[in-house]
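>>> the sequence isn't on hand, but the structure is:
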């Protein structure tokens, strides 16, 4: 697989809380130059990017990174992000609801956020590092039922990131219309190609552009 092909799978990501506008602009310039799938940025940067860059696919995060803000807040975040120019929304589920067995709440929240997204892409971060295999399987069904577009492994801020085993598990249990995004800890060229070959339609990372252009980067 060529470097150029791999880059078309990349959500070029910068989500550190200290990210400056100059760093975000560099991210966007790289995304344009290397034709990544999107840039994934904090919500506060969506409108400035939209105002400055034409035809750049903007992804942002909702309820990030902990996922336990109230549903109404997440819905409003998603609505405002789309109004500001985002085309893709990566939301974090409430893992506490999963641990309490409140799967109906998880499903309803995703449905409400998907409704607020309209025809924009919704990716659902389930934060696999905190889940049992049974919980992951249950959430594959919930994401499928919700009408969301992607199931995503991780925020990159938890205790662990994407694993090939989770990609394989997702493939077995999601519906045919749901795609997979891997995120967190995917840093080498071998990792990138392995996750794509395993079935990931997107990979969230800050490392890919510098890595594939010859300058290795530090992680997420």
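Structure's in. What do you need? Owing to the predicted nature of the structure, the values given are computational and were not obtained by experimental measurement.

>>> now the most centrally placed residue in the chain, nearest residue through space, not along the chain?
When the chain is reduced to its mean C-alpha position, the closest residue under CA atoms, centre = their mean turns out to be residue 90, at 4.7 Å. When the adjacent residues along the chain are set aside, residue 90 lies closest to residue 123, with 4.4 Å between them (CB to CB, 6 or more residues apart in numbering). The way it works is simple: take the backbone N, C-alpha and C, and place the C-beta from them, glycine included.

>>> give me the residues contacting the host helix or strand of the one you found.
Element membership for residue 123 (DSSP states H and E) is strand 121-125. Identification of contacts with strand 121-125 by CB atoms under 8 Å, 6 or more residues apart in numbering yields 59, 64, 67, 78, 87-93, 110, 113-114, 139, 143, 146, 148-155, 181, 183, 202.

>>> before we move on, what about stretch 3-19?
Residues from elsewhere that reach stretch 3-19 (CB under 8 Å, 6+ apart): 23-24, 27, 30-31, 34-42, 45, 59, 61, 64-65, 88, 156-157, 181, 183, 189, 192-193, 196, 200-206, 208-209, 212-213, 220.

>>> and those residues, which of them are in strands?
If you go by DSSP state E, the contacts of stretch 3-19 have 38-41, 59, 61, 88, 181, 183, 202-205 in strands.

>>> helices or strands next to the lowest-mean-pLDDT helix or strand in the chain in the packing?
The helix or strand of the chain with the poorest confidence is helix 208-212; it has a mean of 92 (mean pLDDT, DSSP states H and E). Applying 3 or more CB pairs under 8 Å, 6 or more residues apart in numbering; DSSP states H and E, we find helix 208-212 packed against helix 3-7, strand 10-13, helix 21-34, helix 189-198.
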